[in-house]
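A.B. asks: Let me see the structure of the following:
(chains A and B)
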Amino acid sequence: MNPTFFAAAGFTDTLRETADTFGWNPWLFFSQVLSFVIVAFLLKRFAYKPILAVLEQRREQIAQAHLNAEKIKQQLAEAEQRHAEILAKANAEAQKMIEEARNSASNLAERKQQEAIAAAEQIVAKAREASAIEHERTMTQLKRELGRLVVETTAKVTGKVLTPDDQRRLQEEASRTLSA
Amino acid sequence: MFSHRYLFRTQLIALFVVGSLVAPAMSFAAEAAEHETLSLKATPLFQIGKFSVTNSMLVCWIVALAVIIFAQIATRNVKTVPSGAQNFWEWLVESLYNFLESIIGRDLVKKTFWFFATIFIFILFTNWAGLIPGFGTIGWGHYQPSGAFHVDRPLLRGGNADLNMTTAMAAIFFLLWIIWAIQANGVGGFLLHIFGPKGETSGFLKIIMVVIFFMVGWLEIVSILFRPISLSFRLFGNIYAGESILEAMSNMVPILSWLIPIPFYFMELLVGIVQALVFMLLTAVFTLLIAQHQPGHEPNH
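C.D. replies: Have a look, this model is predicted:
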């Protein structure tokens, strides 16, 4: 007989013996295969699918949320930049307005000062004029009074009645003396 | 794995289960067990045609049903902001998804997640379910001369303490592995991946490399064919060994049968998760190695 045949037969016997020792037989084996396939199918269909779908959905939501957060961050950065630009522009405009207001105020103050100076000068001039007139009037009145007093005094001292020419001459002399 | 204190309760529960579920198809074992250690074989409970329903298969169905019902409750009213069962289920599924994605990549995980997640969740909860008191202690048996009751045909047995279950999972993975490999590389690419020369060579060296890698390819084929066997025996061996240890510890000192196994229960909790993780990781890495397109990436088994 072929030695290979004996070897194969010996191997088969060993296999059969091992299977018998461990209680392995094809029917039980196929029963267990069937059981496991059913379990795996049911678990796949009812246990993993819904959970994996939820996990996938959650993953997508998280990814979407990250995307949205990035978008919001970008929009925020843009808004901040725009805000800064607007603020800078507003600042510049405000500075310009302040400058203009300051210039305007300065001009106004200058003008008002000039006006005040002019008004003051005018008032001083008027006062001076009024004073001069008053002085003149007072001097005139003084001269007249002095003339009259000189005439009266001269008349009383000399005891004679002065003529209108004397009176006029005395008054003119007194007036000349006063003016000098 | 039985003590006197469980005798009355066990008999009542066994009678109830028999009476309500499987009484017509079952007969009580009258003969005494020939050995006191945990059997390597799962015990058939009843027949549906040529299909035998074993105690481990029953546990697999119960665990599968519990997981599916929990998943249904958790996903019945899915909310964007999760809470309660949905929160836990989401945490489990999302953690697994992210973990697998970090290992096998975004594209592959989309296609294969359902399988690896089922492998992990199913193995984990089946392993842990096997630690619930009652597994291996409720069933049909006989009184020993010492007066103790020995369960010969337990109603429930750890799902992965049955080689049929572990080989079934490994075989399904093997089939899917071939499908995913062909989908990723095509038939030619798949064969080239196994037999093709790796690395950048030219001239005469390239001819030598082609010959060498062709021969290495056959070793690779042997390695690939052994994967389902190693996967199934690793898981079966660990879980069976765990249950055997628990049984041995329970029988060591009858009066302390409630205390001695406790540290081993914690160890088995760890073994349960580690084995689920190992099975899932190995299958995921095998898939990654065959599905990745980069030339020169030698699978390292």
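
A.B. asks: got a pLDDT number for the nearest residue to B:Val78 once chain neighbours are set aside?
C.D. replies: Spatial nearest neighbour of B:Val78, excluding adjacent residues (C-beta to C-beta, 6 or more residues apart in numbering or on different chains): A:Val54 at 5.2 Å. The way it works is simple: take the backbone N, C-alpha and C, and place the C-beta from them, glycine included. On pLDDT, A:Val54 comes in at 84.

A.B. asks: and A:Val54, how many residues sit next to it?
C.D. replies: 19 (other C-beta atoms under 10 Å in any protein chain shown).

A.B. asks: what's the answer for A:Ala155, then?
C.D. replies: A:Ala155, neighbours per other C-beta under 10 Å, totals 15.

A.B. asks: residues in contact with the residue of chain B found nearest chain A?
C.D. replies: Residue of chain B nearest chain A, by C-beta to the nearest C-beta: B:Lys41 (2.6 Å). Residues in contact with B:Lys41 (C-beta atoms under 8 Å, 6 or more residues apart in numbering or on different chains) are A:22-23, B:162.

A.B. asks: quick one: buried residues of stretch A:92-106?
C.D. replies: Neighbour counts over stretch A:92-106 (16 or more other C-beta atoms under 10 Å in any protein chain shown) mark no residue as buried.

A.B. asks: Residues of the stretch 101-250 of chain B that sit close to chain A?
C.D. replies: Residues of the stretch 101-250 of chain B found near chain A (C-beta under 8 Å from any C-beta of the partner chain) are B:113-115, B:117-118, B:121-122, B:162-165, B:167-169, B:171-172, B:236.

A.B. asks: how about 6 Å then?
C.D. replies: The stretch 101-250 of chain B has residues B:114, B:118, B:163-165, B:167-169, B:172 near chain A, with proximity defined as C-beta under 6 Å from any C-beta of the partner chain.

A.B. asks: Which one (most neighbours) among the contacts of B:Lys41?
C.D. replies: Highest neighbour count within the contacts of B:Lys41, by other C-beta under 10 Å: B:Asp162, with 30 neighbours.

A.B. asks: just to revisit the earlier point, inside strands: which ones of the contacts of B:Lys41?
C.D. replies: When those are checked against strands (DSSP state E), there are no matches.

A.B. asks: Now flag whichever of those residues is closest to A:Phe36.
C.D. replies: For these, the closest approach to A:Phe36 (C-beta to C-beta) belongs to B:Asp162, at 12.1 Å.

A.B. asks: Backbone dihedrals for that closest one, please?
C.D. replies: B:Asp162 has phi and psi values of phi -130, psi 120 when expressed as degrees, to the nearest 10.

A.B. asks: So what's the residue count around the spatially closest residue to it that is not a sequence neighbour?
C.D. replies: In this structure, B:Asp162 finds its nearest non-sequential neighbour in B:Ser56, 3.6 Å apart by C-beta to C-beta, 6+ apart. Neighbour count of B:Ser56, defined by other C-beta under 10 Å: 28.

A.B. asks: Contacts only, for B:Ser56.
C.D. replies: Listed by C-beta atoms under 6 Å, 6 or more residues apart in numbering or on different chains, the contact set of B:Ser56 reads B:42, B:157, B:159, B:162, B:165.

A.B. asks: hey, where'd the helices end up in chain A?
C.D. replies: Taking DSSP state H, the helices of chain A run over residues A:3-21, A:26-42, A:49-158, A:164-179.

A.B. asks: can you list those in a markdown table and add distance to B:Arg106?
C.D. replies: Converted to a markdown table, these look like this (distance: least, C-beta to C-beta, whole Å):
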| stretch | distance to B:Arg106 |
| --- | --- |
| helix A:3-21 | 41 |
| helix A:26-42 | 22 |
| helix A:49-158 | 12 |
| helix A:164-179 | 126 |
